[in-house]
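Visitor: here's a sequence, model it:
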Amino acid sequence: MAIPLVGVFPISFIYAVVRHRVFGIRVMVRRGLTYALVSRGSLAGEALAVVGAAYLGAEPLLRSMQPDPLVGLASGRTVLALVAVAVGVQRLNRRVLPIIDRRFFRDTYDARQILTDLSRAIRRMASRPEQLLQRVTEEIAAALHPSRLAIFLVPSACPRLAPLPAPQGACWIPDSEGAAGEPLRLYVDQRPEPGSEESGIPCRSPFTRVSLRKHLASVTEGDPEALDVGVHPARLASAGGMPPADEQRPGCLEDEALVARFDGRLFVPIVTNGRSLGFLLLGEKLSEEPYSSEDKDLLLMVAGQMAIALDYAQLISQAADQATIKRELQIAQTVQAQLFPHERPAMRTLRYGGVYRAARGVGGDFYDYLPLSGNRLGLAVADISGKGLPAALLMASLQALVRSHAPTYATSLGELGRELNRHLCETSDGARFATLFFGVYDDEARSLTYLNAGHVAPIVVTPCGGSPSSVRRLDSGGMVLGLFGDQQYVPGCVALRPGERLLVFSDGVTEATNAEGEMFGDERLLATILEGASVDIDALTAHVVEEVDRFVGAAPQQDDIAVIAAEAT
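Guide: Numbering: from 1, shown residues only. Below is the predicted model:
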């Protein structure tokens with residue numbers, strides 16, 4: 001019976017080749033011919049050793065112990081000896097084969113050394129996230145040798161990092177408004193080498209019906225945890241590795257399709273400060289060993305280091321963006337400063353001056369002086385809704401319109417208002433509007449013809465010696481500019497007698513608010529004007545701004561301030 005057992009080896013070898021694809025293309029490419037020969041060759045050598053020992057050693061030994069045994073008894077003893085040796089060899093293989101696997105595919109790794117190297121890489125590559133991700137994948141590949149490795153990130157985790165292009169850059173759909181609140185996109189995808197089988201390899205692990213989305217959401221509330229995943233071969237075959245087209249967004253995958261597409265075995269979340277940035281998806285190890293608790297701990301630490309690095313990279317990106325914005329804002333301030341008047345057309349019966357201060361570097365308020373024909377002067381103060389660069393752009397547009405149309409419509413301010421309103425309605429989106437006060441002072445007639453398009457009413461103060469001064473408000477005009485295209489505007493006219501003072505201002509003056517929420521208001525402004533009755537015009541505008549600052553105190557400036565002061569002589 002020992003002699004027929006020799007045929008068991010070639011039969012078992014053929015079975016191994018057919019069933020387990022020992023010398024198949026995938027294994028030859030992915031594992032290497034050397035490993036196949038060494039691992040399977042060791043099994044062949046052991047089989048030959050068992051057969052040889054049984055044939056050449058066991059039978060003579062048994063016969064020497066019992067010279068004239070029955071043939072059946074001798075054969076039974078030979079079989080028992082063969083079984084005992086086979087069991088011993090099997091136990092030996094459990095120790096030998098993992099050593100061979102580690103020799104070829106899984107070099108013993110030092111978790112502390114890997115983390116140290118990654119910490120150094122973080123400092124060097126914080127501003128280059130694409131290189132950082134590449135370094136992380138190289139470290140994981142060198143330590144664990146997964147067949148596939150994919151990194152999915154929320155786009156906001158690193159805005160400057162571009163995901164892989166379609167069809168490689170498939171996205172994964174999390175729960176709506178869930179852990180990430182947006183699809184996660186593929187940034188790193190280590191695919192099998194050319195010639196090997198693509199994704200869709202039936203998993204030997206059982207199908208785990210678990211929601212990766214819910215797991216990713218839960219780890220943001222507690223400690224991160226690596227998750228073993230698998231896909232049932234039947235589900236994989238029926239889905240073809242991809243979900244039905246009518247159930248998915250183009251290029252996006254759900255849980256099962258994602259695991260199937262990337263031959264996933266381990267899901268590792270990337271979390272920092274309770275915020276999910278994405279996850280790692282690892283395929284089966286080339287050694288076909290399951291991921292140990294040591295492997296999972298290492299991957300969680302690597303994912304934590306990577307999350308910190310990505311967070312730091314985002315801070316660096318934001319700092320760079322802020323520096324760029326700051327430079328652009330300085331340029332915008334310089335450009336806007338050039339838009340304000342630098343010269344005052346000389347007037348015989350009027351002294352005047354203006355001041356402007358933006359709340360955010362650049363703003364939407366402006367003032368202007370326009371020399372007009374017939375010894376006339378145009379005085380303009382406008383306020384654009386909103387603040388910052390958008391308001392500054394609309395302010396520049398409105399100022400250009402006023403300067404280009406004022407000479408034509410100086411004697412017909414109602415038409416000027418309608419024309420400015422029409423242009424703003426055509427060029428703005430309806431979300432922004434402007435208020436404007438435009439006055440034309442006639443140096444000969446000492447009169448001010450004005451148009452108030454929704455602007456805070458200017459103040460004319462008439463000194464009355466020891467008696468209380470009289471105050472007039474200039475509010476004739478119409479609606480704000482830029483909201484309704486068919487508005488009508490009615491100008492007003494007022495005479496300015498010698499000694500009377502005019503103050504045109506934006507609402508940034510009267511609506512300035514202190515820390516207690518109290519506004520500066522019209523009464524304080526009027527008191528400020530009366531206190532500065534004896535100072536010149538330039539000093540009066542400075543005095544108004546100083547009083548506003550004194551009232552506001554440490555509270556930040558909430559709105560732009562523009563002021564024109566004038567005095568008839």
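
Visitor: contact partners for Gly386?
Guide: Under the criterion of C-beta atoms under 8 Å, 6 or more residues apart in numbering, the neighbours of Gly386 are Gly364, Arg432. For the C-beta atoms, the positions are set from N, CA and C on the backbone; glycine is no exception.

Visitor: give me the pLDDT for it.
Guide: For Gly386, the pLDDT comes out at 78.

Visitor: how near is it to Phe366?
Guide: Separation of Gly386 from Phe366 (C-beta to C-beta, to the nearest Å): 14 Å.

Visitor: ok, Phe279 next?
Guide: 52 Å.

Visitor: pull the longest helix from this structure.
Guide: helix 293-339 (DSSP state H).

Visitor: immediately after that helix, which helix or strand?
Guide: Scanning forward in sequence from helix 293-339 by DSSP states H and E, the next helix or strand is strand 350-357.

Visitor: tell me the helix or strand right after that following strand.
Guide: Taking DSSP H and E, what comes next after strand 350-357 is strand 365-372.

Visitor: quick check: next helix or strand after that following strand?
Guide: Next along from strand 365-372, by DSSP H and E: strand 376-384.

Visitor: direction included, what does that next one pair up with?
Guide: Strand 376-384 has the following strand partners under DSSP bridges: strand 365-372 (antiparallel), strand 434-442 (antiparallel).

Visitor: for the first one, what does the pLDDT average out to?
Guide: So the one you mean is strand 365-372. 93.

Visitor: can you name the residues in contact with that strand?
Guide: Under C-beta under 8 Å, 6+ apart, the answer for strand 365-372 is 339-341, 344-345, 352, 354-356, 358, 377-384, 395, 398-399, 402-403, 406-407, 410, 440, 504, 506, 508, 560-564.

Visitor: give me the buried positions along that strand.
Guide: Asp365, Phe366, Tyr367, Asp368, Tyr369, Leu370, Leu372 (16 or more other C-beta atoms under 10 Å).

Visitor: beta partners for the first one?
Guide: Yep, that's Asp365 we're talking about. When assigned by DSSP bridges, Asp365 has beta-bridge partners Asp383.

Visitor: roughly how far does it sit from Gln487?
Guide: 22 Å.

Visitor: and the fourth one, by the same measure?
Guide: Applying C-beta to C-beta, one obtains 22 Å for the distance of Asp368 from Gln487.

Visitor: cool, the third one as well?
Guide: In this view, Tyr367 and Gln487 are 23 Å apart by C-beta to C-beta.

Visitor: next one: the fifth one
Guide: Relative to Gln487, Tyr369 is positioned 26 Å away (criterion: C-beta to C-beta).

Visitor: from the buried residues of strand 365-372, which is closest to Arg120?
Guide: Asp365 (52.1 Å; C-beta to C-beta).

Visitor: picking that back up, now which of the contacts of strand 365-372 would you call buried?
Guide: For those, buried by 16+ other C-beta under 10 Å: 345, 352, 354-356, 358, 377-384, 395, 398-399, 402, 406, 410, 440, 504, 506, 508, 560-564.

Visitor: bridged to Ser470, which residues?
Guide: With DSSP bridges as the rule, Ser470 is bridged to Thr462.

Visitor: who are the contact partners of it?
Guide: Neighbours of Ser470 in contact, by C-beta under 8 Å, 6+ apart: Val461, Thr462, Cys464.

Visitor: what about the first one, neighbour count?
Guide: This means Val461. By other C-beta atoms under 10 Å, 19 other residues sit near Val461.

Visitor: ok, now Val136?
Guide: Count around Val136 with other C-beta under 10 Å applied: 25.

Visitor: hang on, Leu398 packs against Ala434?
Guide: Yes: taking C-beta atoms under 8 Å as the definition, Leu398 is a contact partner of Ala434 at 5.4 Å.
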